[in-house]
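S.K.: This is the structure alone, sequence omitted:
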């Protein structure tokens, strides 16, 4: 009888621990999403990490230290030599693996500056079983990313080579999911609404999480249940929480083919929630990535739209 009591007590403790863990995971879904997204306490500290020259461009690599929120890395591609005056800037948040290497995917940038954002996220923490063991640290890094990116965007506007009126944030793939939260924080800091681009992203954290889990060999069968639960814990990052509160003018791009990373329902919702005025276009092919025809179409469409709006040089 004593063993049954011990077992019951241990079961009760386990149940309480499970409830506490579930409550801890879900609590960010409550209240103002921006209240869960920290911002740097002061200006970012910039450190030059290197420079390379090729094909009439100079690429500067800069680390931006945000203190306890981590460190972001920028790759800044400028004309070499630079033309006189301040230049239009594209601030690109791409995929997690692409990061600051996104500057290499634009073949002829012209008299424009390309700035690619490298995420303050340790990708090793999200591999295999480490995803569970490092859940708290990984979510903290994800929640810190919009604040660090908004501070990096402000840093770019303050540079001598940047025309602050023509700095266009561009979110591609994962970057399109982060960018609405970045823009909310940017607006809260006093930036005026302008142009922004959301490409190959989606809205609805639960829908996106279920889609990603469905492609895994172990968790795929439980994706319809685990996806919404995972989405609750990441709710402050969901574009659906931020797009209705934004202003400015948007270009929203998605693929017309099979997208392995973003389900069609999430892509449609992102386009629907983007505020007016907006331009919504579907391009041939699936998800963007690497030196592919899809990437070249994206760059061409983006460049044409920005030039039409006077936000990019030829």
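M.R.: Alright, I've got the coordinates. What you see is a predicted model; the values in this text were computed from it and never measured.
S.K.: need the contact list for residue 306.
M.R.: 88, 90, 168, 195, 312 (C-beta atoms under 8 Å, 6 or more residues apart in numbering). Every residue, glycine included, has its C-beta placed from N, CA and C.
S.K.: Now do the buried residues in the host helix or strand of it.
M.R.: Taking DSSP states H and E as the criterion, the element that holds residue 306 is helix 293-308. By 16 or more other C-beta atoms under 10 Å, the buried positions in helix 293-308 come out as 294, 295, 297, 298, 299, 301, 302, 303, 305, 306.
S.K.: Setting aside sequence neighbours, what's the nearest residue to the fifth one?
M.R.: Sequence neighbours aside, residue 106 is the residue nearest to residue 299 in space, at 5.5 Å (criterion: C-beta to C-beta, 6 or more residues apart in numbering).
S.K.: now do the fourth one
M.R.: The shortest distance from residue 298 to any residue that is not its chain neighbour, by C-beta to C-beta, 6+ apart, is 5.4 Å, and that residue is residue 288.
S.K.: I'd say the one you found and residue 296 touch.
M.R.: No. With contacts counted by C-beta atoms under 8 Å, residue 288 stays clear of residue 296, the gap being 9.9 Å.
S.K.: CSV for the buried residues of helix 293-308, including distance to residue 265 and pLDDT?
M.R.: Below are those laid out as CSV (distance: C-beta to C-beta, whole Å; pLDDT from 0 to 100):
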residue, distance to residue 265, pLDDT
294, 20, 88
295, 24, 88
297, 23, 91
298, 21, 91
299, 26, 90
301, 23, 94
302, 24, 93
303, 29, 93
305, 25, 96
306, 29, 95
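S.K.: Looking at those, which is nearest residue 177?
M.R.: residue 298 (16.2 Å; C-beta to C-beta).
S.K.: related to what we said a few turns ago, sitting in strands, which of the contacts of residue 306 do you find?
M.R.: Those of these mapping onto strands are 88, 90, 168, 195, per DSSP state E.
S.K.: How much space separates the second one from residue 150?
M.R.: As defined by C-beta to C-beta, to the nearest Å, residue 90 lies at a distance of 16 Å from residue 150.
S.K.: follow-up on the earlier one: what residues are up against the residue nearest to residue 298?
M.R.: With contacts taken as C-beta under 8 Å, 6+ apart, residue 288 has the following neighbours: 172, 173, 199, 200, 255, 294, 295, 298.
S.K.: Hmm, residue 238 is touching residue 230, no?
M.R.: No. Using C-beta under 8 Å, residue 238 makes no contact with residue 230, being 11.4 Å away.
S.K.: Tell me which of these two has more neighbours.
M.R.: Between residue 238 and residue 230, counting by other C-beta atoms under 10 Å, residue 238 is the more crowded of the two (23 against 19).
S.K.: which residue sits closest to that one in space, ignoring its chain neighbours?
M.R.: Residue nearest to residue 238 in three dimensions, not counting chain neighbours: residue 205, with 4.1 Å by C-beta to C-beta, 6+ apart.
S.K.: can you pull the contacts of the one you found?
M.R.: With C-beta under 8 Å, 6+ apart, residue 205 has these contacts: 230, 231, 232, 234, 235, 237, 238, 240.
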